[in-house]
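1. model this:
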Amino acid sequence: MRDVTKEASAFWIPLGTEEASYKALEKDWNNRLKKEQTEYNVYTRSTYRSRQNMDILKRLYVSEDEDEDNRDPVLLDIDPNYFKIVDGRPIREKLDIRKYMEDVREVLKTRLKTGYLRDEAMQITEKHLLEQVKIDEINAEYKIYVDNFDKFLSDDHETSIILLREVQNQMKLSKTKGDNIKEFNQQLGALKCQVYVLEEKWRNLKMFQGFLYMVSPMYWRQKHDYIHRRFSADSANELTNDLSVLLTRYRSPSAGSSDSLDHMIAMFIDDINTGHKPELYFEDPGQLNMVFVELELQNLNCLLHFEEMSEPIQTIKKALEETTKLFETEASFIEEKIRDLEDAIKWEEIRTESLGEKAKELLEGIYKDLVKSESSLNLHVCVEDTYETCIAPNDSNLGLYDMMCGIELQMESLLREMDYLPYSVVKATENEIYEQNANVIKEALDAEFKLKLILKLETNLAKSLAPAYQVGRGKKLMPRSEPPPMKKNHLNQKHP
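-> The predicted structure is shown next:
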């Protein structure tokens, strides 16, 4: 058991000679205590109060092994004739009017609650009956829908079976046709290969023939060169020396093009129909060498001519550079003008945006307040009511001005008709209208009076159901002072 007397007191003060050493050791003790406390968990760490309450039951325990003779005398019995004297006498209860009023209010509340609950129960039973009728109607419609859906499923099944049979037949036909197409494609591919091989050989020979015709003398070409004569643009006797025309004509088409085979066949047919018997000017290959030597001499003459034309070309280049610089300066001037125009356009766009924002502010501010204010809405409602009562219902959603113009025209037409009616009729209708208005006003006043009575009855009923008003007894006393004695009620004094 813990012995508190042997523990160090927390309120012990050292002597004057021991104060310096106590302060030096106190810091060490506190650091050691903090270090020990940091080793424990935050939630399970002990405090001073928890350490004081750890063994409080052991410290407050009192053993039962006491001397019975030393006990204080205890009251063991009372007068046995006490209950015999009091037996059979009624206990008079004090009449409390407030309690009686509270009981009456509780009875009234319970009766009202039971009435409300009975009304709710009757309403629930009526709703249940109506819902049962609706459920029966829904079940009948559901049965009709189920029968129709089953019929639809059966019809759909029959049509799907017919379609499946047709699809199977069409698949068989398409399979047979696909096999035939594969065979035809194989045959067509073999024929295409043969045609392409023949076409390549024929193309090379034609290009060689055209080259030999082009290097032949001109007088011989005018008689026998039918290939280049066909491509002349001015007359039939004029020949062309452009080799690109011949190369483009006999160039092989792009691989994979859809019209390559048709193009080749068309060229074959055209050459067969318009072709002549091939003739050659050259009889010995040495003649071609002579032609090539002449072509080299012509090329040398062309180079000399090009050297002579170099100076004019340089002058033309300088003029071209000057013109390009002039065009660049003009282009920069035009770009500056375009930038100025773009800045002006941006300023105009910003101005239009600001004006648009101001217009939105006006529309959403002043105009909105004018259109959607309470007075304008009340005016619109009154005008629409008069329009619907006097002319026709507003199904086309007319505006306020249009409705007012319609009412004005209707009033003018009615006033014209009233001018042609006799005075007695007008007077009688006016009196009748006055009476009708008076009856309507009277009904409205009666309804207002009844509404006031109902509101008054509701307030009275709420007051009657509210708890009793408790009269305050002055300022509430604080718990540090004893409350004053309660005053006796006068009703209890009169009726003991």
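2. going by C-alpha atoms from here, please, whenever you check contacts or count neighbours.
-> Will do.
3. so where's the stretch 351-496 of the chain uncertain?
-> 370-372, 469-484, 487-496 (pLDDT under 70).
4. if we go to 90?
-> For the stretch 351-496 of the chain, applying pLDDT under 90 flags the ranges 351-431, 433, 436-437, 440, 444, 460-496.
5. just so I have it, where are all the helices in it?
-> With DSSP state H, counting those that start in this stretch, the ranges of helices along the stretch 351-496 of the chain come out as 368-372, 374-390, 400-420, 423-465, 490-494.
6. export those as TSV, with columns for mean neighbour count.
-> Formatted as TSV, the helices of the stretch 351-496 of the chain follow (neighbours: other Cα atoms under 10 Å):
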stretch	mean neighbour count
helix 368-372	13
helix 374-390	14
helix 400-420	13
helix 423-465	12
helix 490-494	10
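7. identify whichever of those lies nearest to V167.
-> With Cα to Cα as the measure, helix 374-390 is the member of those nearest V167 (65.9 Å).
8. give me the helices and strands touching the closest one, please.
-> helix 400-420 (3 or more Cα pairs under 8 Å, 6 or more residues apart in numbering; DSSP states H and E).
9. which stretches of the stretch 151-300 of the chain form helices?
-> Applying DSSP H, counting those that start in this stretch to the stretch 151-300 of the chain gives helices spanning 218-224, 226-230, 243-249, 260-274, 286-308.
10. picking up where we left off before, how about the helices of the stretch 351-496 of the chain in TSV, adding distance to N301?
-> Formatted as TSV, the helices of the stretch 351-496 of the chain follow (distance: least, Cα to Cα, whole Å):
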stretch	distance to N301
helix 368-372	92
helix 374-390	101
helix 400-420	97
helix 423-465	124
helix 490-494	153
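11. and those helices: which comes nearest I162?
-> Here helix 374-390 is closest among those (Cα to Cα), at 62.7 Å.
12. which segments of this structure make up each domain?
-> Using automatic domain parsing, the domains assigned to the chain come out as 4-59, 96-298.
13. most tightly packed of the helices of the stretch 151-300 of the chain?
-> Neighbour counts (mean count of other Cα atoms under 10 Å) averaged over each of the helices of the stretch 151-300 of the chain peak at helix 226-230, with a mean of 19.
14. C193 versus N204, what's the distance?
-> In this view, N204 and C193 are 17 Å apart by Cα to Cα, to the nearest Å.
15. no no, A444
-> A444 sits at a distance of 106 Å from C193 (criterion: Cα to Cα).
16. how about P485?
-> With Cα to Cα as the criterion, P485 and C193 are 131 Å apart.
17. which of these two has more neighbours?
-> C193 (11 against 6; other Cα atoms under 10 Å).
18. pLDDT score for that one?
-> C193 is assigned 84 on the pLDDT scale.
19. kindly report the same for T110.
-> Reading off the model, T110 has pLDDT 91.
20. any idea how far it is from Y100?
-> Look at T110 and Y100: by Cα to Cα, they are 15 Å apart.
21. before we move on, what about E308?
-> Distance, E308 to Y100, by Cα to Cα: 142 Å.
22. next: F268.
-> 131 Å.
23. mind putting the helices of the stretch 151-300 of the chain in a markdown table, mean pLDDT included?
-> A markdown table is the format used below for the helices of the stretch 151-300 of the chain (pLDDT from 0 to 100):
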| stretch | mean pLDDT |
| --- | --- |
| helix 218-224 | 76 |
| helix 226-230 | 63 |
| helix 243-249 | 54 |
| helix 260-274 | 73 |
| helix 286-308 | 82 |
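24. turn these into a markdown table, columns for distance to A359.
-> Formatted as a markdown table, these follow (distance: least, Cα to Cα, whole Å):
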| stretch | distance to A359 |
| --- | --- |
| helix 218-224 | 85 |
| helix 226-230 | 76 |
| helix 243-249 | 69 |
| helix 260-274 | 68 |
| helix 286-308 | 74 |
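25. go through these and name the closest to Q132.
-> Per Cα to Cα, nearest to Q132 of the helices of the stretch 151-300 of the chain: helix 260-274, 81.3 Å.
26. pull out the CA atoms of the closest one and give them to me as PDB.
-> The C-alpha coordinates for helix 260-274 follow below in PDB (Å, rounded to 0.1, in the frame of the first residue of the first chain):
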ATOM      1  CA  SER A 260      -3.500   1.700-116.200                       C
ATOM      2  CA  LEU A 261      -4.700  -1.300-118.100                       C
ATOM      3  CA  ASP A 262      -7.400   0.600-120.000                       C
ATOM      4  CA  HIS A 263      -4.900   3.300-120.800                       C
ATOM      5  CA  MET A 264      -2.400   0.800-122.300                       C
ATOM      6  CA  ILE A 265      -5.100  -0.900-124.400                       C
ATOM      7  CA  ALA A 266      -6.300   2.400-125.700                       C
ATOM      8  CA  MET A 267      -2.700   3.400-126.700                       C
ATOM      9  CA  PHE A 268      -2.200   0.000-128.400                       C
ATOM     10  CA  ILE A 269      -5.400   0.500-130.400                       C
ATOM     11  CA  ASP A 270      -4.500   4.100-131.300                       C
ATOM     12  CA  ASP A 271      -1.000   3.200-132.500                       C
ATOM     13  CA  ILE A 272      -2.300   0.200-134.500                       C
ATOM     14  CA  ASN A 273      -5.000   2.400-136.200                       C
ATOM     15  CA  THR A 274      -2.800   5.400-136.800                       C
END
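27. measure how far that helix is from the centre of its chain, please.
-> When distances are taken as Cα atoms, centre = their mean, to the nearest Å, helix 260-274 is centred 65 Å away from the chain's centroid.
28. packing partners for it?
-> So helix 260-274, by 3+ Cα pairs under 8 Å, 6+ apart, packs with no helix or strand.
29. begin at 53 from now on, thanks
-> Okay, residue one is now 53; in that scheme the one you just asked about reads as helix 312-326.
30. S384: neighbouring residues, count only.
-> Number of residues near S384 (other Cα under 10 Å) recorded here: 12.
31. tell me the pLDDT at it?
-> 89.
32. quick check: which element contains it?
-> For S384, the element it lies in under DSSP states H and E is helix 362-414.
33. now do that helix and helix 338-360, the angle between them.
-> Relative orientation of helix 362-414 versus helix 338-360 (axes from the mean of the first three to the mean of the last three Cα atoms, to 10 degrees): 70 degrees.
34. so the helix or strand harbouring Y197 versus helix 312-326, what angle?
-> Using DSSP H and E, Y197 sits in helix 149-266. Counting by the same axes, to 10 degrees, helix 149-266 points 30 degrees away from the direction of helix 312-326.
35. and helix 149-266, what other elements does it pack with?
-> Counting by 3+ Cα pairs under 8 Å, 6+ apart, helix 149-266 packs on helix 295-301, helix 475-517.
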